[in-house]
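Visitor: Quick one, what's the 3D model for this:
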Amino acid sequence: MTILGNNLIGASSACRFGDQEETHALSGSSTLLRCVAPPQPPGAVSVDVSFPGGHLVSTGLAFLYVAQPEIEGVTPSVASGYGGELVTVLGKTRTPQLSTFNPELETLNPEPSTPSFQP
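Guide: Numbering: from 1, shown residues only. Modelled structure (predicted):
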């Protein structure tokens, strides 16, 4: 996940998805953080950013986890060893209805040195 904002500290920061433990940022700058979302059941979770010293800031943003797809088959089941064959993967997924995904987003009006986030 990429988080855009202002006055971010960079790679010394961490992201928190819902109530999971914090995930250290893989990379970052004063305007961008990149974090890997930890495994979690399907559903919407809040995304927060933690700064050195334990200062946790709510972004007012949400992240939607969806269920893994269920693979039911592959067609054709045989193809040439030369490649180039079009293969269709058959399956289904239980994606939550987006109409039920209603995060309460808030606009942050930060002071000059306070981190801010762009939804």
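Visitor: The closest residue to Thr2 other than its chain neighbours: neighbouring residues, count only.
Guide: Spatial nearest neighbour of Thr2, chain neighbours left out: Arg34 (5.4 Å); criterion: CB to CB, 6 or more residues apart in numbering. From N, CA and C alone the C-beta is placed, and that goes for glycine too. For Arg34, the count of nearby residues is 14 (other CB atoms under 10 Å).
Visitor: secondary structure class for Ser50?
Guide: Secondary structure state of Ser50, per DSSP: H, G, I helix; E, B strand; the rest coil, is strand.
Visitor: what helix or strand is Val47 on?
Guide: strand 43-51 (DSSP states H and E).
Visitor: Check which helices and strands the next helix or strand after that strand is in contact with.
Guide: Next helix or strand after strand 43-51 toward the C-terminus (DSSP H and E): strand 55-65. Contacts defined by 3 or more CB pairs under 8 Å, 6 or more residues apart in numbering; DSSP states H and E place strand 55-65 against strand 2-6, strand 43-51, strand 116-117.
Visitor: Would you format those as CSV with distance to Gly60, mean pLDDT and mean neighbour count included?
Guide: CSV is the format used below for the helices and strands packed on strand 55-65 (distance: least, CB to CB, whole Å; pLDDT from 0 to 100; neighbours: other CB atoms under 10 Å):
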stretch, distance to Gly60, mean pLDDT, mean neighbour count
strand 2-6, 11, 83, 15
strand 43-51, 8, 89, 18
strand 116-117, 7, 50, 20
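Visitor: hang on, isn't Val45 packed against Phe63?
Guide: Yes. Counting by CB atoms under 8 Å, Val45 does reach Phe63; the two are 5.6 Å apart.
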